[in-house]
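Chemist: next comes the sequence, and after it the predicted model I'd like to discuss.
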Amino acid sequence: MKPYQSIPIQECGERLVPIPDGLFSLESPHPYRELGAPYGDRSPFCLRESVLERLFNAQEILQRHYPGWRLRIFDAFRPVDVQQFMVDQALTDLAEKQGLNPRRLSEEKRQEILADVYEFWALPSQDPNDPPPHATGGAVDVTLVNATNQVVNMGSPIDEISPRSHPKYFAEAQTKLEQEYHAHRELLAGVMTEAGLAQHPQEWWHFCYGERMWAWLTGQEMAIYGLPEGC
Ligand SMILES: C[C@@H](N)C(=O)N[C@H](C)C(=O)O
Ligand SMILES: [Zn+2]
């Protein structure tokens with residue numbers, strides 16, 4: 001159990017709304033949809049209203065210093081069954097990376113790999129009082145694109161299960177390239193936190209507002225987002 005999971009939720013009832021077209025750069029095709037994740041008629045590109053407002057503000061702050069640069073949204077709303085699908089996918093990927101057949105793992109090995117998966121992915125709990133962060137509409141995975149629409153290099157891909165994903169991984173970097181990765185991560189974290197979003201301590205791309213991880217990271221007694229209405 002993660003520490004944020006003990007934080008109570010007092011749902012505020014704010015709407016989950018679509019991220020408008022054209023303003024941000026959106027990861028397309030959407031990576032989890034491409035893998036066959038079970039979205040049904042739901043879209044990953046939705047967020048709670050106040051989270052969206054904070055994203056607008058973060059992009060405005062970014063553009064004050066870097067005209068033409070934009071936030072690139074990799075993932076936002078993630079229904080619990082998609083969370084489960086992606087946890088299973090991450091388990092499969094890690095097993096295969098170790099040369100193992102994911103369908104023939106011993107229980108001990110399965111638990112060992114799952115522990116690595118849960119370092120990065122939240123538990124896909126079906127309990128409405130224990131929703132994973134993205135299922136609340138209060139979490140977003142983002143990177144940056146520059147003025148010529150090129151994805152800015154952060155030194156490691158989103159979702160990599162590795163220490164390279166830690167926001168400060170390149171803080172002590174010696175090479176110019178690695179120093180650049182660090183500067184890009186600091187830029188992203190700086191604009192997002194200035195706009196009122198909190199960063200996951202182990203993932204340079206994950207930011208949140210209103211849900212339990214945000215409450216835990218920012219010292220609130222309560223979260224204001226649980227599962228959104230109708231999801
Ligand atoms: C792994 C990444 N895509 C992610 O979203 N992690 C957080 C913690 C989550 O699963 O909620
Ligand atoms: Zn995330």
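Modeler: Looks like it came in fine. Ligands and ions are numbered 1, 2, ... in the order given.

Chemist: mind listing what's buried along stretch 183-194?
Modeler: H184, R185, L187, L188, A189, V191, M192 (16 or more other CB atoms under 10 Å). In short, each C-beta sits where N, CA and C put it, glycine included.

Chemist: one more: stretch 167-181?
Modeler: Neighbour-count burial for stretch 167-181 [16+ other CB under 10 Å]: P167, Y169, F170, E180, Y181.

Chemist: which of those sits closest to N101?
Modeler: Y169 (31.0 Å; CB to CB).

Chemist: count the neighbours of the nearest residue to that closest one once chain neighbours are set aside for me.
Modeler: Closest residue to Y169 apart from its sequence neighbours, by CB to CB, 6 or more residues apart in numbering: P163 at 6.0 Å. P163 has 10 neighbouring residues, counting by other CB atoms under 10 Å.

Chemist: so how far is Y181 from P163?
Modeler: 14 Å (CB to CB, to the nearest Å).

Chemist: can you check R54 too?
Modeler: R54 is 25 Å from Y181, by CB to CB.

Chemist: next: Q111.
Modeler: Applying CB to CB, the value for Q111 to Y181 is 33 Å.

Chemist: circling back to that earlier point, same list, the buried residues of stretch 183-194, but as JSON lines with secondary structure please.
Modeler: Formatted as JSON lines, the buried residues of stretch 183-194 follow (DSSP: H, G, I helix; E, B strand; the rest coil):
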{"residue": "H184", "secondary structure": "helix"}
{"residue": "R185", "secondary structure": "helix"}
{"residue": "L187", "secondary structure": "helix"}
{"residue": "L188", "secondary structure": "helix"}
{"residue": "A189", "secondary structure": "helix"}
{"residue": "V191", "secondary structure": "helix"}
{"residue": "M192", "secondary structure": "helix"}
